[in-house]
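J.: Here is a sequence together with a model predicted from it:
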Amino acid sequence: MLAFTGNSLVHPFIWYVLAFFVFITGFTYYLTRLGYNNDPENFQVYYFVSMGFRVVLCIGVVALYAYFYKEGRLQFVFNFFALYFLFTGFEIYSLLANLRPHLKKQN
């Protein structure tokens with residue numbers, strides 16, 4: 001691993017990446033909530049569109065970094081996707097925790 005990332009495993013831009021994920025999570029929540037308020041029957045559509053938007057935006061950020069910066073590419077990608085999967089894991093956990101009472105009411 002040291003051959004790919006150098007002496008440090010954490011990229012210097014990690015705080016910017018974390019701020020990006022906080023912003024994009026809030027923005028996609030806002031879009032999903034706005035869609036749900038206008039059309040509650042199609043919540044799944046709005047949620048999956050926001051997930052797709054987030055994935056495309058994340059791939060775009062990684063591609064832009066790889067294009068403009070030559071040093072620390074692999075380190076940035078590892079850090080970025082570690083945070084991406086962490087945020088996705090928390091999102092899935094919160095969805096399951098919030099949906100579980102509704103599923104118990106239906107059965």
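T.: The structure has been received and is ready for your questions.
J.: got a list of contacts for the helix or strand hosting residue 15?
T.: Counting by DSSP states H and E, the element that carries residue 15 is helix 14-38. With contact meaning C-beta atoms under 8 Å, 6 or more residues apart in numbering, helix 14-38 is reached by 11, 42-43, 45-47, 49-51, 53-54, 57-58, 61, 76, 79-80, 83-84, 87, 91. Where C-beta positions appear, they are placed from N, C-alpha and C, glycine not excepted.
J.: Tell me the spatial nearest neighbour of the residue nearest the centre of the chain, not counting adjacent residues.
T.: Among the residues of the chain, the one closest to the centroid is residue 84, at 4.7 Å (C-alpha atoms, centre = their mean). Using C-beta to C-beta, 6 or more residues apart in numbering and skipping residues adjacent in sequence, the residue nearest residue 84 is residue 58, 5.9 Å away.
J.: can you pull out the helices in this structure?
T.: 2-5, 14-38, 43-68, 73-106 (DSSP state H).
J.: how about the third one: buried residues?
T.: By 16 or more other C-beta atoms under 10 Å, the buried positions in helix 43-68 come out as 46, 47, 50, 54, 58, 61, 62, 65.
J.: The fifth one contacts residue 77, correct?
T.: No. At 10.8 Å, residue 58 and residue 77 do not qualify as touching, with contact defined as C-beta atoms under 8 Å.
J.: pretty sure residue 61 contacts residue 80?
T.: Yes. When contacts are counted by C-beta under 8 Å, residue 61 is listed as touching residue 80 (7.3 Å).
J.: and for these two, which residues touch both?
T.: Contacts common to residue 61 and residue 80, judged by C-beta under 8 Å, 6+ apart, are absent.
J.: sorry, back to before: what's the least confident stretch among the helices of the chain?
T.: When those are ranked by mean pLDDT, helix 2-5 comes last with a mean of 52.
J.: for the closest residue to residue 79 other than its chain neighbours, phi and psi?
T.: Closest residue to residue 79 apart from its sequence neighbours, by C-beta to C-beta, 6+ apart: residue 11 at 4.6 Å. Backbone geometry at residue 11, expressed as degrees, to the nearest 10, gives phi -70, psi 150.
J.: Alright, I will stop here.
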